[in-house]
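Participant: Build me a model:
(2 chains)
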Amino acid sequence: MQKKGLGLYLKFSVIISGFILIIMIAAGYLVLRYQENYVRSQLQDTGEILLSQLAESVRRGIQTGDDLFIINAVEAAHRPDAGIEEVYVLTAAGQVLAHNEPRYIGSELPPVEDALLLKREVQLPGYGEYQAAVRIDQEMVNSAIRGVRARMMEATLLILAGGLLGAGVLSGILTRPIERLGESVEEIAAGNYGHQINLDRRDELGSLAESINHMSRRIEEDRKELVEKQRLENELRLGRQIQHTLLPERTPEISGYNLEIEYESSLQVGGDLYDFFRKDGKLYVFVADVSGKGVPAALLMTNTLASLRALFLDQSVGPNQLLEKVAELNTLIVENFQPSSFVSLFAGIIDLKTGILDYVRCGHNPLLYYHSESEEVVSHQPSGVALGVQRRSEFLERTELETLQLHRGDYIYQYSDGVSEMILEDSDRLGREGLEELILNYSRSPELLLDEIFSRSDKTRVQDDVVLLALSRCETNG
Amino acid sequence: MAEGQIVKVCDDCLIGGYENHKLGFLSGEIDTENFEIFEREIENFFGEEDVIFECSELDYINSAGMGLLISKCSSDKNIVLANLKEEVNDTLKLLGFDELFTIVKAPVFREEQENIQLTVDASPGSLEPTRKKVRNLLQKYSSNKNEIHQVVTSLDETLSNIIEHGLKFNSDETIELNLCIFKNGLIIYLNDEGEQFNPDEHDFDLERFLEDNKRRGLGLYLINELLDKFSYRVTPGGKNLVRLEKKFEE
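Facilitator: From the prediction side, this is the model:
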């Protein structure tokens, strides 16, 4: 923070000082030049006046032969305080006739360099020629300039001091609110979302503060949403876990048969379900799919599962009662579910001794039957309507019980839509034909079959739950 | 085509026989990714009237989508699905839902060009001017002479049958003719108040026709051969309504 303030102050100071210096140097140059000329011309004017008085005195002195008069005039003209350094009169031969320094009288003058000399010729017919001269003190000009320069320096320093003070004030005006803004942003960054800056200004800094306040509020809202979303996701995850625990975890060991279930749930809770149990020498197998997605489907799925178990577990249900039980389930769903919900169901009863499978297919995917002898996959699709759509009489009218004899080495497959409708990397759906083909290739290992399907699926798309159930009758008994 | 991404509507399109149904076009794939959009659009689409969905561009519809449509079916609301693709039809059959909807194959007439009402007197003399009028009209929209000829012949045959059998040459009676011309075909509606007619009695057998030399039923046979669709029904008001459909060749 402190560093930032100093930084601005330093920058302002340098910039302002630079401006002041440039202006003062330019002004000083002009003033000095003017001053020098002025001082010089003042001195020259004084010199000229004195010189003309002296010339008049020389004329009169020569004509009257009064040398003393000339000497007195020279003395009078010699005024060092006014910059007249030297006054003298020379004869035509160059001899000193009069001088402010009497020792030079009668001799010749030593040459003076760079002298600012004003001369005047005095011609007196019959008396000869004379020269009157005054020398102006160069030092006078120089000292006058020095004085001006010194005053200029003083002024420059004063203005500079003022400028630096100004820079300080200016940077102070800017840095203090900036520091406050910075502190507030730090506050927000530290986790105090929604923190508001109270900066009542109508300038750019004021609108920056307003923007930061707005941002802060938005961050707070978004964070609340995020927290809520995470909470919901957490609950969904828990829901999914609970849903999983409802489904049977392990497949039973059945002598002479091999039952395998592959279940992959999508990220969300879903409507797929499967169930199986053994009773009185029979194996009951169910695969169902509740229409729709997410929590509604999951709730209906648990309801369906519970109803299914209630209907089938209590009493011994033989193949003859299968259709009746399913019709009861249909009525339950018609009466209790929303009209847009329906459940497709495969329900089968296998007599473990004979290998006879009795089943109904209520709107569910066809049963895929791998016949080991012919090495063919046959799709069985007896008529049947999904549960929850039609009244009992129409339902029974259009749903039929089917029987299939499982031979040794045969497989039956049941699956949810998630398998057949899985979107593959080439963005086609797997489809029933695709699944049948895979069953032919992987007829002995449903697990590898599913691995293969997943390896080909498009991971970027939203995919359904996947249930794949495979039941085989072993080649040998036990 | 407008409205929605999945359920599109078209104001000047028609499927013959479903004039009173609201027509929607379903297209693409309806799956988990866009189900919410579909749900919203369906809610907006359904109103008081029966609906017909043209599905020739619909590649896939998931169970939730199907359930949504089923929930819209009720005893007094008919949902017609026209021109379903085989895959979608298979899914419907799989779920056992094929009997919950009316599933039809019917051509869609698009971009209505002209809608003309004509009144024809029930006399044989009005046939020739009607033929001329219709031929001239059709020449604006089809350059296929054979096609025009087929329509004009069928219309002529239908009119003469109505005048002869329905209205018994009673020249006080009239036939109301309504021609709807579309970019890709036309529908002609014929309305009269004459005697009702049972098309089943007119089952035509070309061999029998040739054998017993009874000159009946040939007209209907011809019309069915020349046109894409011929339909007859009695309106609730007791009028006869005949509909002729012909699609122009592309």
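Participant: now do the same end-to-end measure for stretch A:80-96.
Facilitator: Length of stretch A:80-96, first residue to last, Cα to Cα, to the nearest Å: 20 Å.
Participant: Equivalent analysis for stretch B:10-19, please.
Facilitator: 13 Å.
Participant: And the contacts of that stretch?
Facilitator: B:1-2, B:21, B:23, B:25, B:50, B:52, B:54, B:80, B:82, B:106-112, B:180, B:182, B:187, B:229, B:231, B:243, B:245 (Cβ atoms under 8 Å, 6 or more residues apart in numbering or on different chains). C-beta: built from backbone N, CA, C; applies to glycine.
Participant: Check these for burial and list the buried ones.
Facilitator: Buried members of these, counted by 16 or more other Cβ atoms under 10 Å in any protein chain shown: B:21, B:23, B:25, B:50, B:52, B:54, B:80, B:82, B:106-109, B:112, B:180, B:182, B:187, B:229, B:243, B:245.
Participant: Then residue B:136 would be within a helix, right?
Facilitator: Yes: the assignment for residue B:136 (DSSP: H, G, I helix; E, B strand; the rest coil) places it in a helix.
Participant: Report the contact partners of it.
Facilitator: Residues in contact with residue B:136 (Cβ under 8 Å, 6+ apart): none are found.
Participant: what's the answer for residue A:79, then?
Facilitator: Contacts of residue A:79 (Cβ under 8 Å, 6+ apart): residue A:50.
Participant: And it, how far from residue A:38?
Facilitator: Between residue A:79 and residue A:38 the computed distance is 19 Å (Cβ to Cβ, to the nearest Å).
Participant: again, but for residue B:89
Facilitator: Relative to residue A:38, residue B:89 is positioned 112 Å away (Cβ to Cβ).
Participant: still on that earlier bit, I'd like to know which of the buried ones among the contacts of stretch B:10-19 are part of strands.
Facilitator: Counting by DSSP state E, the buried ones among the contacts of stretch B:10-19 place B:23, B:25, B:52, B:54, B:80, B:82, B:108-109, B:112, B:180, B:182, B:187, B:229, B:243, B:245 in strands.
Participant: For those, work out which two are farthest apart.
Facilitator: Using Cβ to Cβ, these reach their maximum pairwise distance at B:25 and B:243, which is 21.6 Å.
Participant: now the helices for chain B?
Facilitator: Under the criterion DSSP state H, chain B contains helices at B:35-45, B:63-72, B:86-95, B:127-139, B:145-161, B:206-212, B:218-226.
Participant: how about CSV for the ones you listed, with mean pLDDT added?
Facilitator: Listed next are those as CSV, based on pLDDT from 0 to 100:
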stretch, mean pLDDT
helix B:35-45, 88
helix B:63-72, 85
helix B:86-95, 89
helix B:127-139, 84
helix B:145-161, 84
helix B:206-212, 59
helix B:218-226, 73
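Participant: hey, which of those is tucked in deepest?
Facilitator: helix B:63-72 (a mean of 22; mean count of other Cβ atoms under 10 Å in any protein chain shown).
Participant: For that helix, which helices and strands make contact with it?
Facilitator: Using 3 or more Cβ pairs under 8 Å, 6 or more residues apart in numbering or on different chains; DSSP states H and E, the elements in contact with helix B:63-72 are helix B:35-45, helix B:86-95.
Participant: mind checking which of those is nearest residue A:436?
Facilitator: Minimum separation from residue A:436 across those (Cβ to Cβ) falls at helix B:86-95, 14.2 Å.
Participant: tell me how far the ends of stretch B:74-85 are from each other?
Facilitator: Start to finish, the residues bounding stretch B:74-85 are 24 Å apart (Cα to Cα).
Participant: What are the buried residues along that stretch?
Facilitator: By 16+ other Cβ under 10 Å, the buried positions in stretch B:74-85 come out as B:79, B:80, B:81, B:82, B:83, B:84.
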